[in-house]
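Enquirer: Build me a model from this:
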Amino acid sequence: MIDFRYHLVSIVAIFLSLAVGLVLGATALSDPLLGTLQKEAERAGKRSEELRTRQRELLTQTEYQERFARMVGPRVLAGQLKNQSVVLIETPGAGEGGLDKVGELLGEKVAGATVTGRVTIQSKYLDDERLATLDRLAEQLKPAGTTFPEGATPHDKAARVLSGALVTRDPAKALRDDASGKAILEAFRSAGFVTLSGKPAQHATLAVMIAPSSPYQDGAESDNKALIALAGGLDGAGRGAVLAGPLTAVAEGGLIAALRDADTGDDVSSVDTLDMSSGQIITVLALEGQLAGKTGHFGIGEGAGTDLPVPGPGASQ
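Expert: Take a look at the predicted model:
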């Protein structure tokens, strides 16, 4: 009769056999497996070092190009917008760095233009719950004799009223204090739709609008349409407008991407490299092109027609 001791010995023997088999199998496989893993690790390390070297090379090239653009840019732009004036428009979510640098290049020390001021569009301007308020404000503030097209949205109306208070095609009205324009801008400011700095009511001849750094998440299509209406209004009321922003603004849902797909893109120029020194220079050159009646989409993103505009001989009124 088989007793418990026999079962115990059998079970122990089975586990010992399994253990011995695992040890022998591991010993047989360890050398080739370790060799393969070691080769893969060496290849990965070599590839990683190659990528780090390439990254350093690209960074060096980018820094060189930035230094070159900063050095050459002022010479290229010198006096190109003499006798012109520009208003800067900042959209919700726009980065300030590019706008500040463009403002410096536009100024009298470089391109020769006068920057009248800055208008920052607040998120309330795009809020669907404030549409009725925006519509009433535009209707109340529209200049005498102004009629809105049939089917105009509140943003279409607001764009026309705001644009008329900010820019002009008439050189005689540029850089002049305008009580009506001040009243319009103050009303939009009091309602929380904009903030103001400088003297934007003095009327500029040109406008630069800065796109959001990232596409809007909720209601992107309607928000983009509202801002494109404003860009179109500025172009129509003045002598030209440019929408500029970083490459991310050309991503799906981005404002520059929307402009390039819209009919307004036939009139308003765009630049998608504003976060680069070269893009800031191109923004100023794009304004010069607008003065000559030329619309272009510049940069490296989707929908860009060319890298950069050709500098002209200089602008005048």
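Enquirer: Quick check: residue 242 is in a strand.
Expert: Yes. Assessed by DSSP: H, G, I helix; E, B strand; the rest coil, residue 242 belongs to a strand.
Enquirer: all helices of the stretch 151-300 of the chain, in order?
Expert: Taking DSSP state H, counting those that start in this stretch as the test, the helices found in the stretch 151-300 of the chain are 154-166, 179-190, 220-237, 255-261, 277-291.
Enquirer: Tabulate these in TSV, adding columns for distance to residue 130 and mean pLDDT.
Expert: Backbone N, C-alpha and C define where each C-beta goes, glycine included. As requested, the helices of the stretch 151-300 of the chain are arranged in TSV below (distance: least, C-beta to C-beta, whole Å; pLDDT from 0 to 100):
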stretch	distance to residue 130	mean pLDDT
helix 154-166	9	97
helix 179-190	12	95
helix 220-237	11	97
helix 255-261	20	97
helix 277-291	30	94
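Enquirer: any chance of these in TSV, plus distance to residue 123 and mean neighbour count?
Expert: Shown next, in TSV, are those (distance: least, C-beta to C-beta, whole Å; neighbours: other C-beta atoms under 10 Å):
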stretch	distance to residue 123	mean neighbour count
helix 154-166	14	24
helix 179-190	14	17
helix 220-237	9	22
helix 255-261	14	24
helix 277-291	24	25
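Enquirer: Tell me which of these sits nearest to residue 97.
Expert: Smallest distance to residue 97 across those (C-beta to C-beta): 9.6 Å, for helix 277-291.
Enquirer: how far away is residue 124 from residue 245?
Expert: Separation of residue 124 from residue 245 (C-beta to C-beta, to the nearest Å): 21 Å.
Enquirer: Against residue 247, how distant is the nearest residue to residue 173 once chain neighbours are set aside?
Expert: Ranked by C-beta to C-beta, 6 or more residues apart in numbering and with sequence neighbours excluded, the top spatial neighbour of residue 173 is residue 203, at 5.4 Å. Computed as C-beta to C-beta, the residue 203 to residue 247 distance reads 33 Å.
Enquirer: Looking at the two, which has the bigger crowd around it?
Expert: residue 203 (25 against 19; other C-beta atoms under 10 Å).
Enquirer: which residues touch the more buried one?
Expert: 85, 116, 166, 167, 168, 173, 174, 175, 176, 178, 181 (C-beta atoms under 8 Å, 6 or more residues apart in numbering).
Enquirer: Tell me how many other residues surround the fourth one.
Expert: By other C-beta under 10 Å, 30 other residues sit near residue 167.
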